[in-house]
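A.B. asks: Just the structure for this:
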Amino acid sequence: MTKAKAGSRQVETVVTFLEMTEPQYPALHPPANVRVALMRAVKPPLHFYRYLYDVIGRDFAWVDRKVMGDDELETVIHAETTDIRVLYVEGAPAGFFELNSANEDALWLQYLGLVPDFQGRGLGKFLLSEAVTAAWETGPERLRVETCTLDDPRALALYQRVGFVPYARKDKVMEIPAGL
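C.D. replies: Next comes the predicted model:
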């Protein structure tokens, strides 16, 4: 293991890469007991994106976007190749997914997650179903996603249930900056 930078810590994880080469899962309806809206966030304000990224990813070592400066983050999330959709439940932001088409050989489901207050209600399956549907509407050759052992322990099984198939695994050491 390499030495961590001062104040940071290193965490070992196993990353699983998955792909889908054709739509395999029917679109799901949202749970019947809640009012939901899924809206495309066109060039979302950085503070809003950072809020979602932090509140959803804080328990799962989501750090990549936290360490980006404003200019770099704005370039990434406002790119023509980035599609961000926000799930609202009863008017409150409850989750989001982000698709990225910058890689020519595959469309990537870059991020998907729920705010902790909205977990355990069947919304994750619905949000993933919507992400897969949105992805296939663009006509990619394949849809890819990665998850790791630091993510929600239900993530890998859920991806596989909707039709993603693992194609690679690798050990990785993540550096978590101090204060994150």
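A.B. asks: buried sites along the longest helix along the chain?
C.D. replies: Ordering each helix of the chain by length in residues (DSSP state H) puts helix 123-137 first. Judged by neighbour count (16 or more other C-beta atoms under 10 Å), helix 123-137 contains these buried residues: 123-132, 134-136. From N, CA and C alone the C-beta is placed, and that goes for glycine too.
A.B. asks: can you check stretch 47-63 too?
C.D. replies: In stretch 47-63, counting by 16+ other C-beta under 10 Å, buried: 49-50, 52-53, 55-57, 61-63.
A.B. asks: between these, which is nearest Val86?
C.D. replies: Lowest distance from Val86 to those (C-beta to C-beta) belongs to Leu52, with 7.0 Å.
A.B. asks: Please verify my assumption that Arg9 contacts Val173.
C.D. replies: No: using C-beta atoms under 8 Å, Arg9 makes no contact with Val173, being 10.4 Å away.
A.B. asks: burial measure for Val14, as a count.
C.D. replies: Around Val14 there are 13 other residues, counting by other C-beta atoms under 10 Å.
A.B. asks: How many residues are close by the residue nearest to it when sequence neighbours are not counted?
C.D. replies: Distance criterion C-beta to C-beta, 6 or more residues apart in numbering; nearest residue to Val14, sequence neighbours excluded, is Thr149 at 4.9 Å. Neighbourhood size, Thr149 [other C-beta under 10 Å]: 16.
A.B. asks: That'll do, ta.
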